[in-house]
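Enquirer: 3D, please:
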Amino acid sequence: MSATRLLAVHDFPSADLAAALEVLKRTRSELRSLRKVHVFPDRLQVFDVNGDYFEIRGLGYAQPEIVPALRFVNTNFKPERIHNPIDRPYKEFLTGRRHNWAEDRVM
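Expert: Numbers count the residues shown, from 1 in each chain. Predicted coordinates for the structure are as follows:
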């Protein structure tokens, strides 16, 4: 198994979600297929299949901005439970969520 390697770090300023999403978009192109995310109380780490990752410091599961950030990288999670504290150092989720065809349409 290959060793993990930190490729980039972004400090999340006070509620600047647009900048964080831009960093996710730019850095995502430098990684292979995304595999999982680790969400700490104070940071977010996004890993690819090779174990390389990038980190956004200051954006954790306690902040409301974590929901759009996790959706941006297609993470499988429950938005109503993401903010609940846990007794482990981080929450781990897989990426690669797919939406059903016409899920956004009202029938």
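Enquirer: hey, which helix is longest across the protein?
Expert: helix 17-28 (DSSP state H).
Enquirer: Run through the neighbouring helices and strands of the very next helix or strand once past it.
Expert: Next along the chain after helix 17-28, taking DSSP states H and E as the criterion, comes strand 34-39. Applying 3 or more C-beta pairs under 8 Å, 6 or more residues apart in numbering; DSSP states H and E, we find strand 34-39 packed against strand 43-48, helix 66-72, strand 91-94. In this view, the C-beta of every residue, glycine as well, is placed from N, C-alpha and C.
Enquirer: Can you add mean pLDDT, mean neighbour count and distance to Leu7 and give those back as a markdown table?
Expert: Converted to a markdown table, the helices and strands packed on strand 34-39 look like this (pLDDT from 0 to 100; neighbours: other C-beta atoms under 10 Å; distance: least, C-beta to C-beta, whole Å):
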| stretch | mean pLDDT | mean neighbour count | distance to Leu7 |
| --- | --- | --- | --- |
| strand 43-48 | 91 | 22 | 9 |
| helix 66-72 | 91 | 18 | 17 |
| strand 91-94 | 94 | 15 | 19 |
